[in-house]
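Undergrad: how would this look folded up:
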Amino acid sequence: MKDLNSIDHYDYVLPEHLIASRPMANRTDARLLVVDRKSQSIYHRHVRDLPEFLSPKDCLVLNNTKVVPARLRGMRTLTGGMWEGLFLEPASEEELTGEGFHFNKYPREFQRWHILGTTRGKLQPGEQVTLLDAYSRPYVRLLMEKKLASDGSWICLPLLDGEPTNEICWDILQEVGSVPIPPYIRKGVSDERDVENYQTVYASQPGAVAAPTAGLHFTKELLGRIEAMGVRKEFVTLHVGLGTFRPIAVNDLSEHKMHKEWGCLTEDTARVLRECRANGGRIVTVGTTSVRVLEGSDNLKPFSGNIDLFIRPPYQFHAVDVLMTNFHLPKSTLLVLVRTFGGDELLKRAYEEAIAREYRFYSYGDSMLIL
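TA: Residues are numbered from 1 along each chain as shown. Here you go, the predicted structure:
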């Protein structure tokens, strides 16, 4: 008897050559595996065919988060030892409370960063890391103030010319960061092509350290075709964090502690979505991140704040009618969400067929439309 709350139930074997290392030259040429829940059928199209599955009454919902150049490299200021890291997010008020800061002379009004980092040896509170720009020149220092016991990440304070700065973190990252592509893509080493490839064409709200990958398939031309049909296009925001792609470490899904990501559903968008439903239209959601925003809302009422919703069996969806999504890693929260939405056996069969037909998987891979 299958156990839908066992993580082993969401495992599968993927041949390594099916992991896409680059996107298609034309984003809409990616394949689209169409899964029809009503007829329990599966058929094969391309992303450019998406308008054929939409109705003028529908509303297309996309996540407008913007990936920031979060991959960092530098050196320990005192020893010169190499250091690599990842900007996660601006430090929250919750993370700045309590004991543990090495220096208290800098007021909390200065913006701290929440980062991960690796280096030889062991960093100590009060130590500094010098970040290098694209030309390997020292640019900014990070004062390591507090190490978080939960995951080994740090709260740090950026210093320019030895003093705290109120410069916006996104501006600093443009000078010292690079595209944070996942480790399963070319071992996480990005290049100039990823600057454009790993960003949706409608990204506008900086804050993500990973792309909402289903949205990578859209071009302005495809969006124009969809809007010309009369389909409304609305945006939500969810700043995708590192935890989205981490495998689940426990066997029983009920014991998994879901990561938090900041999301926003505006009043205007919420109103449009409620009107869409009232007029017999469908909410067509692009990506699991958009799903988490809508399902995390109270019956499509506006909100902003952290979302830690873990969608797993026997969750009942209330805000999403159609889902467009990429193919996800085994034993991930994203795969659990998709199989909960599409039906466990049907989606398991869809993944088996995608592998048999050599679809391209993960962030730069092909896509799936669940009707």
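Undergrad: Which helix or which strand is home to residue 223?
TA: If you go by DSSP states H and E, residue 223 is part of helix 220-228.
Undergrad: Helix 220-228 and the next helix-or-strand element following that helix, what's the angle between them?
TA: Beyond helix 220-228 on the C-terminal side, the first helix or strand identified by DSSP H and E is strand 232-238. Per axes from the mean of the first three to the mean of the last three CA atoms, to 10 degrees, the angle that strand 232-238 makes with helix 220-228 is 120 degrees.
Undergrad: Quick check: buried residues in the helix holding residue 223?
TA: Of all the residues in helix 220-228, those buried under the rule 16 or more other CB atoms under 10 Å are 222, 223, 225, 226. Just so you know, the C-beta spots here come from the backbone N, C-alpha and C atoms, and that holds for glycine as well.
Undergrad: Could you do stretch 36-53 as well?
TA: Within stretch 36-53, judged by 16+ other CB under 10 Å, the buried ones are 42, 46, 47, 48, 50, 53.
Undergrad: Do I have it right that the third one meets residue 26?
TA: No - contact criterion CB atoms under 8 Å: residue 47 and residue 26 do not qualify, at 9.4 Å.
Undergrad: Low-confidence bits of the stretch 101-250 of the chain, can you list those?
TA: Residue ranges of the stretch 101-250 of the chain with pLDDT under 70: 101-105, 245.
Undergrad: what sits against the residue nearest to the spatial centre of the chain?
TA: Closest to where the C-alpha atoms of the chain average out (CA atoms, centre = their mean) is residue 240, at 3.2 Å. By CB atoms under 8 Å, 6 or more residues apart in numbering, residue 240 lies in contact with 63, 65, 67, 208, 209, 210, 211, 212, 261, 289.
Undergrad: Among those residues, which lie within strands?
TA: Those of the contacts of residue 240 mapping onto strands are 63, 65, 67, 208, 261, per DSSP state E.
Undergrad: how many neighbours does the third one have?
TA: By other CB atoms under 10 Å, 23 other residues sit near residue 67.
Undergrad: Give me the distance between it and residue 96.
TA: Residue 67 sits 25 Å away from residue 96, going by CB to CB, to the nearest Å.
Undergrad: And for residue 239?
TA: 19 Å.
Undergrad: Kindly report the same for residue 197.
TA: Separation of residue 197 from residue 96 (CB to CB) stands at 35 Å.
Undergrad: who's more crowded, these two?
TA: Taking other CB under 10 Å, residue 197 and residue 96 do not tie; residue 197 has more neighbours (19 against 15).
Undergrad: which SS class is the nearest residue to the more buried one once chain neighbours are set aside?
TA: Of all residues beyond its chain neighbours, the one nearest residue 197 is residue 23 (5.2 Å), with distances taken as CB to CB, 6 or more residues apart in numbering. Look at residue 23: counting by DSSP: H, G, I helix; E, B strand; the rest coil, its state is coil.
Undergrad: Verify the contact between residue 23 and residue 219 for me.
TA: No - using CB under 8 Å, residue 23 is not in contact with residue 219, being 11.3 Å away.
Undergrad: Compare those two (neighbour count), which wins?
TA: residue 23 (22 against 14).
Undergrad: Would you enumerate the residues in contact with the more buried one?
TA: Residue 23 makes contacts with 30, 197, 216, 364, as judged by CB under 8 Å, 6+ apart.
Undergrad: Try it again at 10 Å.
TA: When contacts are counted by CB atoms under 10 Å, 6 or more residues apart in numbering, residue 23 touches 29-30, 193-194, 196-198, 213, 216-217, 360, 363-366.
Undergrad: what do you get for residue 8?
TA: 251, 330, 331.
Undergrad: Neighbours of the first one, how many?
TA: The local packing of residue 251 (other CB under 10 Å) involves 14 other residues.
Undergrad: Which residue is the nearest non-sequential neighbour of it?
TA: Residue 251's closest residue in space is residue 7 (CB to CB, 6+ apart), at 5.5 Å.
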